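Enquirer: Below is the sequence, then the predicted model.
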There are 2 protein chains.
Amino acid sequence: MKKFEEKTIRTEKIYDGKVVKLQVDEVTLPDGKTAKRELIKHPGAVAIIPITKDKKIIFVEQYRKPLEKSLIEIPAGKLEQGEKPEVTAVRELEEETGYTTNQLKFVTSFYTSPGFADELMHMYLTDQLQPLTKKVAGDEDEFVELIELTLEEAKQYVKEQRIHDAKTNYAILYLEMLEMM
Amino acid sequence: MKKFEEKTIRTEKIYDGKVVKLQVDEVTLPDGKTAKRELIKHPGAVAIIPITKDKKIIFVEQYRKPLEKSLIEIPAGKLEQGEKPEVTAVRELEEETGYTTNQLKFVTSFYTSPGFADELMHMYLTDQLQPLTKKVAGDEDEFVELIELTLEEAKQYVKEQRIHDAKTNYAILYLEMLEMM
């Protein structure tokens, strides 16, 4: 859908980083006027809802520099170039939790911040976890701690804002709905 | 919570825009090594789920330059400096839909992309809509079209990926859950 399309007149590339790129586009609006759009380019990401045999959800706690605090989130990570989301999902699951799976259920996908970024996040669920016999090395600059919570405990963490991000809030609401069906 | 805190050694300010700021922080990791973090600073945002008397949800369709396509989303907008989220929510509702309300129910709040941005989004619901007698001017560079959908129709739009962003997917899941209670 291209309704109200904003055609690019000029692109100014501001930054090309390890995770994000920033550019400012000058665009023509539907009424012929011009405007500037600040755009973040992101490689896309996956998130996984891992459920253990005793129906606990595995979360990871990690420091989030943009927020200057640590959050408890479902495992997630960026797509590597050319990588299929399912492959990223299993890789991140292995690196962050020490479990693997051969059974991923697709839950949903969404743009996290379509107003200023193109990050598309793909979410999967697995309740078929096998422990890895050998630890898989993750990103060397990533420090995470595993936390297993029941759905009720997770909902309490949302209230306390220790769980406080879009993908994890969505995952908890999704599981709550599944429980009701 | 400051677990695994990453202390800032140096901040390089890259860009200071109308919507976002970009900086790159050099940080000390918990193991004493250093790493770089690319951080987007964002003023924060609100989203509103407006429900009409006949139980339709009001969406807005608009072009999202980062994605180069138009999306159908619940009304949303950025916080102005010092503005309370409830005030922003009513303002955006008025500007984008032509309705107002004096009754907002808080739904949830979440960081949209905590890995690289500090955008915090606050979500509200209202089923108490009053039509404005006078049109309120919105952002002059924003072109939106209103679309009213039943929950079932909205779920179909999610499947077709015409609805495809975190806040709107969350809102639809939330309404679906409410229907089941």
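Expert: Ah, there it is.

Enquirer: Is the helix or strand harbouring A:V90 positioned near chain B?
Expert: Using DSSP states H and E, the element containing A:V90 is helix A:85-97. No. Using C-beta under 8 Å from any C-beta of the partner chain, we find that helix A:85-97 stays clear of chain B, coming within 11.9 Å at best. Just so you know, the C-beta spots here come from the backbone N, C-alpha and C atoms, and that holds for glycine as well.

Enquirer: For that helix, the averaged confidence score.
Expert: Mean per-residue pLDDT for helix A:85-97: 97.

Enquirer: starting at the chain centroid, how far to it?
Expert: 12 Å (C-alpha atoms, centre = their mean, to the nearest Å).

Enquirer: buried set for it?
Expert: A:P85, A:T88, A:A89, A:V90, A:R91, A:E92, A:L93, A:E94, A:E95, A:E96, A:T97 (16 or more other C-beta atoms under 10 Å in any protein chain shown).

Enquirer: And for stretch A:61-72?
Expert: Under 16+ other C-beta under 10 Å, the buried positions of stretch A:61-72 are A:E61, A:Q62, A:Y63, A:R64, A:K65, A:P66, A:L67, A:K69, A:S70, A:L71, A:I72.

Enquirer: what's the neighbour count on A:A35?
Expert: 16 (other C-beta atoms under 10 Å in any protein chain shown).

Enquirer: I'd guessed A:L129 sits against A:P50; true?
Expert: Yes. Applying C-beta atoms under 8 Å, one finds A:L129 in contact with A:P50, separated by 5.9 Å.

Enquirer: between those two, who's got more neighbours?
Expert: A:P50 (24 against 18).

Enquirer: Surely that one is in contact with A:Y99?
Expert: Yes. At 6.3 Å, A:P50 counts as touching A:Y99 under the criterion of C-beta under 8 Å.

Enquirer: List the buried residues in the longest helix seen in chain A.
Expert: When chain A is scanned for its longest helix (criterion: DSSP state H), the result is helix A:166-180. By 16+ other C-beta under 10 Å, the buried positions in helix A:166-180 come out as A:A166, A:K167, A:T168, A:N169, A:Y170, A:A171, A:I172, A:L173, A:Y174, A:L175, A:E176.

Enquirer: How far away from the center of its chain is it?
Expert: 15 Å.

Enquirer: so what sits against both of A:P50 and A:Y99?
Expert: A:I58, A:L93, A:L129 (C-beta atoms under 8 Å, 6 or more residues apart in numbering or on different chains).

Enquirer: residues shared between the contacts of A:L129 and A:P50?
Expert: A:I58, A:T97, A:Y99, A:T101.

Enquirer: where along chain A do the strands fall?
Expert: Using DSSP state E, the strands of chain A run over A:7-16, A:21-28, A:34-41, A:45-50, A:57-64, A:69-73, A:76-78, A:99-100, A:105-111, A:120-126, A:130-131, A:144-149.

Enquirer: most tightly surrounded among those?
Expert: Mean neighbours per residue, mean count of other C-beta atoms under 10 Å in any protein chain shown, is largest over the strands of chain A for strand A:45-50, with a mean of 26.

Enquirer: What lies in contact with that one?
Expert: A:57-58, A:73-79, A:85, A:88-89, A:92-93, A:97, A:99, A:101, A:104, A:107, A:112, A:119-126, A:129, A:167-168, A:171, A:174-175, B:115.
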